[in-house]
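Engineer: okay, predicted coordinates and the sequence, questions at the end:
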Amino acid sequence: MTTESTTESVFSGLKVLDASSFIAGPAAATMLSDFGADVIKIEPPGAGDPQRRLSSVPPSPRAQANYGWHLANRNKRGMVIDLKSPAAVGVLKRLVEWADVVITNFPHGTREKLHLGYEEIAGWNPRVV
């Protein structure tokens, strides 16, 4: 019996744009990254993703590092983009064209205002999931 080993992960080559905040969306992107996906997380300017501040809210223990943030965003590259700015649309479009998967958890209405509605992103990249 021979056993073959491979260093390629199941999602190697998968490109993910993480445009989500708080627990579920970032966790989904992190799981994809754990299995080899290339993930780019985008955050708003200023304080960034609101999840960055959860470590300071009780009952979170006091710690030097924000464990929850690191846990939910490991293996990701990051970018700051002001999705409310008209100038951001071109950058967002290029990221969507690059991606295989776009993850967002903004509510309907907000998603469309930020150019993250499915109809718009599918127009930029018909193969995106």
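Structural biologist: Yep, it's here. Quick caveat: nothing in here was measured; it's all calculated off a predicted structure. Numbers count the residues shown, from 1 in each chain.
Engineer: against Ser9, how distant is Asp100?
Structural biologist: 15 Å (C-beta to C-beta, to the nearest Å). (Glycine included, C-beta is placed from N, CA and C.)
Engineer: which of those two has more neighbours?
Structural biologist: Asp100 (17 against 14; other C-beta atoms under 10 Å).
Engineer: distance check, the residue minimising distance to the centre of the chain against Glu43.
Structural biologist: Taking C-alpha atoms, centre = their mean, the centroid of the chain lies closest to Asp18, which sits 1.5 Å from it. The gap separating Asp18 from Glu43 is 9 Å, by C-beta to C-beta.
Engineer: same question for Val129.
Structural biologist: Separation of Val129 from Glu43 (C-beta to C-beta) stands at 22 Å.
Engineer: cool, Ser12 as well?
Structural biologist: For Ser12 relative to Glu43 (C-beta to C-beta), the value is 25 Å.
Engineer: show me where the protein dips below the pLDDT cut-off.
Structural biologist: 1-6 (pLDDT under 70).
Engineer: quick one, helices of it?
Structural biologist: 24-34, 67-73, 88-98, 110-113, 118-124 (DSSP state H).
Engineer: make a markdown table from these and add mean neighbour count to it.
Structural biologist: Output for these, formatted as a markdown table (neighbours: other C-beta atoms under 10 Å):
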| stretch | mean neighbour count |
| --- | --- |
| helix 24-34 | 19 |
| helix 67-73 | 17 |
| helix 88-98 | 15 |
| helix 110-113 | 14 |
| helix 118-124 | 15 |
